[in-house]
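> Predicted structure and sequence below. I'll ask about it afterward.
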Amino acid sequence: MPNDPIPPQNEPRPRIPIRIEEALAALAIAVMGLITFANVLTRYLSNVSLAFTEEYAIALMVVMTLLGASVAVVRDHHIRITFFVDRLSAGNRRRAELFAVLATALVFAGLAAYGVRMVYDEYRFEVTSPGLGVPQWIYSVWLPILSAVIAARTLGRGLRILKGDEP
Amino acid sequence: MITALLFGGFAVLLALSVPIGVALALAGAGVIAVAGLGVLSLPTTVYTGMAKYPLLAIPMFVLTGLIFERSGVAERLVQFALAVIGKRQGALPAVAITVAMFMGGISGSGPATSAAVGAVMTTAMLREGYPRAFTASVIGAAAATDILIPPSIAFIIYSVMVPQASVPALFAAGMIPGILAGLALLVPAVWMSRANGFGERAKPGEPRPSIWQAFVSAIWGLLAPVVILGGMRAGLFTPTEAAVVAAVYGLFVGFVIYRTLTLRDLYEVLVESAEISAIILIVVALAGVFAWATSTLGVIDPIASGIVGLGVGQYGVLALLIAALVVIGMFLDGVSTFLILLPILVPIANHFQWDLVWFGVILTMKIAIGQFSPPMAVNLMVTCKIAGTTMEATVRWVGWLIFAMFLALAAVVAVPDLALWLPRSLGY
Amino acid sequence: ADYKAEYKLSTVLGKPFPWGVSGDRWAELVKEKTSGRITIKMYPGTSLVNGDQTKEFTALRQGVIDLAVGSTINWSPQVKELNLFALPFLMPDHKAIDALTQGPVGKQLFDLLATKDVVPLAWGENGFRELSNSKKAVATPDDLKGLKIRVVGSPLFLDTFSALGANPTQMSWADAQPALSTSAVDGQENPLAIFTAAKLPTLNQKHLTLWGYVADPLIFVVNKEVWNSWSKEDQEAVRAAALQAGQEGIALARKGITAGDDSLIKEIKAQGVDVVQLTPDQQKAFQKATRPVFDKWVQTIGPALVKQAEESIAARK
Ligand code: NA
Ligand code: NA
């Protein structure tokens, strides 16, 4: 139950605008809602089953989460405890900030790298999705792709901190 | 050794301001690598941690809360509450708490309710002379009832981790404790206002707004919790579907009835919900790595049996857990607390044969208190920003509010039926 | 080669389900038969893959999991031939299951699994999946029309229930329980042991139909690299342990639900559940309604394998 829904005073300005991720994340959550609502409606108004749509909704949730996480990296909205770091000197605070940036980039770069192996494995062994029987990699490929995006966004933020554009 | 590395590494990363999900994943992956277990589990664990049907309810309930906030429902609820309570000292804090509880019946997250209530109440309270820090404290505390009064993201996460406790049962069980917590907050909030002479009395002959008109204007908002909870109770839909139906209801009210929403608003609400949900869900996903490490390295059982083996009896252990959670709650948000601690806590609860629904309510009440206990208090972060004050300044006021909700918690510990009577009567 | 201090065994259900008992027994027997050289810890609830049953096989192949007692349904997204056991009304009785698993079909499937970086050792049993719902007694395909049924994750199941005119909804077991308790979903299908252990009668599941439309054999497997790291002697010990645990598990899974011993069915009736046992004629009506699904999936599974299966079943004693 984290996060403040209020934008920070200084909106960061990455060279590639985060509007891309924002628009796609908005689209993902909107389609998720529509799918689930259509499922409820058809169940009550007709005998047609849209049960298969659940698989799409869940896949979209994963995509939305990764896109939203990317936006939150740029805006520095991820939940973290700055209580102790705030009590350090300006220089040390900057070092801690850069350390946090590197740790974040490392985790998402790792997810991207190992994620590629996971997806390749699913592709090679022709794993199908449990609900609809479509190739599973179509869903899971977004994990490494978007993890790489998050890692890049994190490093971008690190650069802005180094240049002094962001505290 | 491994246990120390896992928890110590996590604590150090956290203290260095590394985002909580990243700290969990890094500590977990580090230990997995050191122990020579398969690091290939990493992407699978993260993916499956997110791709769960019950979690779909989270973005949907966040979306619902924001749609209702934008469509002006909170504002109308305030007018209605003002009309009922009338203008007197301590009236506005009481209105803020009541409206927060009602918004809690629509929204699933504390900070979202803090923002919604803060946006409509802060100016009014400042105008009547309530101090900024007091205003921020009351609204932040009031919004904490949100995760108890259904719908609640905390309960959804709890149910995902403890499937024996179903979402409908938890939702029903949170209702009475949530109302109790809200009522408990009323006492110190009104008392502090009176004692310090905050707020204005009605001048003689000042007209009172019509209760009926305010009621009619607020009816759509007042009905929303009925739609959400009634629909679930009547078996019309699952919790996930209830969230979507409520969102559609909110859009209908905003676009058709009140005509306060624009397409631009809708887009912004979608972006905001996606980001807020992502911040929660990415922690859920990354915490899976930590959980994988704890379960495969077998570090949980010794801790759990160590606590059980202290020989202090079930109430001793419960007191100990609550004390530990007070400290942890100062620094961690609710979802992370569940993700990290539930694997340890559930075996303990099972050992004492505690009802897992009741246990979930107790833990969630503790987490609710943590949401407005400085220094790490997500609700206060939001309300302080709106009221233009600092979290340090709230310390003077917030203590009594924490104490009051603590008493409510103690009541539910002592009388489990406060939580369990409603789900039992509803047949969950 | 080096032995690990502890090997990770994955199952979907823990004790007291026959599935969990089988896994537990395997671990116990392995320790005994290898004089403690191989220790196994069981992880029920597929907790090693975050509870996602369909990811178990991949994790096993990658070495994230060392051993598993897995379900043919859960592994069918990775091994499409395993859909064989989910073909509606292929196996009329327990002898038919044995005719498949212990015959040439079982051997072919094991040979196939062996090409996928795992070593299959023995068969176990989760059991025939029976239908329950909260609305009405189901004795004909018509009774199923419009009922909302939760099914496990496999497209074949969606096809089968759609063909019967039902409204199948695919969801995880964790989500299914609240859905049943709020009647957002009317019914479900699972082996009887799960029906009772999960206390489904308390979730309004008052109508049970014993129709035996599919059965779910379990497979005892070891990751190939792990297997190769063991001595010949230990390999044979693990295999023998799996065979014994499988046999015991099968006996346990069938306890109380046969014509000779129907104690479990009596117990279910005592909880106020109305039980419909389909006659062979009634079963034929369901078989006929699902025949197009059967024919469609024969193409996916492989006509030769299905033909072999039908021959084995026809020749069973
Ligand atoms: Na709520
Ligand atoms: Na706190």
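Nice, I can see it. Ligands and ions are numbered 1, 2, ... in the order given.

> contacts, neighbours, all on C-alpha from now
Fine.

> in chain A, which spans are helices?
All helices of chain A, identified by DSSP state H, fall at A:19-45, A:53-75, A:90-124, A:137-140, A:142-163.

> ditto for the stretch 1-150 of chain C
Assigned by DSSP state H, counting those that start in this stretch, the stretch 1-150 of chain C shows helices spanning C:18-33, C:56-62, C:72-75, C:94-101, C:104-114.

> any chance of the ones you listed in CSV, plus mean pLDDT and mean neighbour count?
What follows is the helices of the stretch 1-150 of chain C, written out as CSV (pLDDT from 0 to 100; neighbours: other C-alpha atoms under 10 Å in any protein chain shown):
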stretch, mean pLDDT, mean neighbour count
helix C:18-33, 95, 23
helix C:56-62, 88, 23
helix C:72-75, 90, 24
helix C:94-101, 95, 20
helix C:104-114, 96, 16
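
> Which one of those helices lies nearest to ligand 2?
Distance to ligand 2, taken as C-alpha to the ion, is lowest for helix C:56-62 among those, at 38.0 Å.

> could the helices of the stretch 1-150 of chain C go into a markdown table alongside distance to A:Ile18?
Below are the helices of the stretch 1-150 of chain C laid out as a markdown table (distance: least, C-alpha to C-alpha, whole Å):
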| stretch | distance to A:Ile18 |
| --- | --- |
| helix C:18-33 | 49 |
| helix C:56-62 | 35 |
| helix C:72-75 | 39 |
| helix C:94-101 | 56 |
| helix C:104-114 | 46 |
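
> Leaving out chain neighbours, which residue sits closest to C:Ser263?
Take C:Ser263 and drop its neighbours on the chain: the residue closest to it by C-alpha to C-alpha, 6 or more residues apart in numbering or on different chains is C:Gly256, 4.5 Å away.

> Also B:Pro347?
B:Ala304 (6.6 Å).

> you'd agree the one you found is up against B:Ile348?
Yes. B:Ala304 lies in contact with B:Ile348 (C-alpha atoms under 8 Å); the separation is 6.0 Å.

> looking at the helices of chain A, which is buried most?
For the helices of chain A, average neighbour numbers computed from mean count of other C-alpha atoms under 10 Å in any protein chain shown are highest in helix A:53-75, which has a mean of 24.

> what about the residue nearest to B:Pro347, which SS state?
Using DSSP: H, G, I helix; E, B strand; the rest coil, the structure places B:Ala304 in helix.

> Export the helices of chain A to TSV and append columns for distance to B:Ile97 and mean pLDDT.
Listed next are these as TSV, based on distance: least, C-alpha to C-alpha, whole Å; pLDDT from 0 to 100:
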stretch	distance to B:Ile97	mean pLDDT
helix A:19-45	30	90
helix A:53-75	30	94
helix A:90-124	37	94
helix A:137-140	44	96
helix A:142-163	39	96
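
> What separation do you get for the residue nearest to C:Ser263 and A:Glu54?
Separation of C:Gly256 from A:Glu54 (C-alpha to C-alpha, to the nearest Å) stands at 37 Å.

> same check, this time on B:Ala57
Using C-alpha to C-alpha, we find B:Ala57 at a distance of 12 Å from A:Glu54.

> Toward the C-terminus, what is the element adjacent to the lowest-mean-pLDDT helix or strand in chain C?
Scoring the helices and strands of chain C by mean pLDDT, DSSP states H and E places helix C:173-181 at the bottom, with a mean of 69. On the C-terminal side of helix C:173-181, the nearest following helix or strand under DSSP states H and E is strand C:187-190.

> quick one, phi/psi of A:Arg80?
Phi and psi for A:Arg80, reported as degrees, to the nearest 10, are phi -150, psi 160.

> where does B:Trp354 fall, phi/psi-wise?
Torsion angles, degrees, to the nearest 10, at B:Trp354: phi -70, psi 150.

> For it, give me its contacts.
Listed by C-alpha atoms under 8 Å, 6 or more residues apart in numbering or on different chains, the contact set of B:Trp354 is empty.
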